[in-house]
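Student: Need a 3D model of the sequence below.
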Amino acid sequence: MAVLKAQQKAVAKYNSKAYDEIKVRVFKGSKEVISNYAASQGKSTNKLINELLEGEIPQLKVRYNVMCTQIVKICL
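Tutor: Modelled structure (predicted):
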């Protein structure tokens, strides 16, 4: 099923409001190692990195929990 341009635009608009983006540079070959490790844990690379950061920075965990609560309220 093709994704409509309007749907793509709506997703892009939501993502720009809901998320910040950070570009991370790693040594050549590291990207594959990280991706493979994440897959072996049943996670995306993004999920793995977010969980690692949340484990190191307590404020991120609190913010994540607040955001999830808000999303659930919107969806219900």
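Student: low-scoring stretches of the protein, by residue?
Tutor: Counting by pLDDT under 70, the chain contains low-confidence ranges at 1, 63-76.
Student: Can you tell me the centre-most residue of it?
Tutor: Central residue of the chain (CA atoms, centre = their mean): Asn46, 4.9 Å from the mean position.
Student: element containing that one?
Tutor: Element membership for Asn46, per DSSP states H and E: helix 45-56.
Student: again with Gln7
Tutor: Assessed by DSSP H and E, Gln7 sits inside helix 5-18.
Student: centre of the chain versus that helix, how much separation?
Tutor: Relative to its chain's centre, helix 5-18 lies at 15 Å (CA atoms, centre = their mean, to the nearest Å).
Student: what does stretch 24-34 give?
Tutor: Offset of stretch 24-34 from its chain centre (CA atoms, centre = their mean): 18 Å.
Student: what's next to it, contact-wise?
Tutor: Here stretch 24-34 makes contact (CB atoms under 8 Å, 6 or more residues apart in numbering) with Thr45, Leu48, Ile49. For the C-beta atoms, the positions are set from N, CA and C on the backbone; glycine is no exception.
Student: Would you mind measuring the gap between the ends of stretch 43-62?
Tutor: One end of stretch 43-62 to the other measures 21 Å (CA to CA, to the nearest Å).
Student: SS state for Asp20?
Tutor: Following DSSP: H, G, I helix; E, B strand; the rest coil, Asp20 is assigned to coil.
Student: Can we start the residue count at 38 from this point?
Tutor: Understood, numbering begins at 38; the last thing we discussed is Asp57.
Student: Now for it, how many residues are close by?
Tutor: 5 (other CB atoms under 10 Å).
Student: I appreciate the help and will end here.
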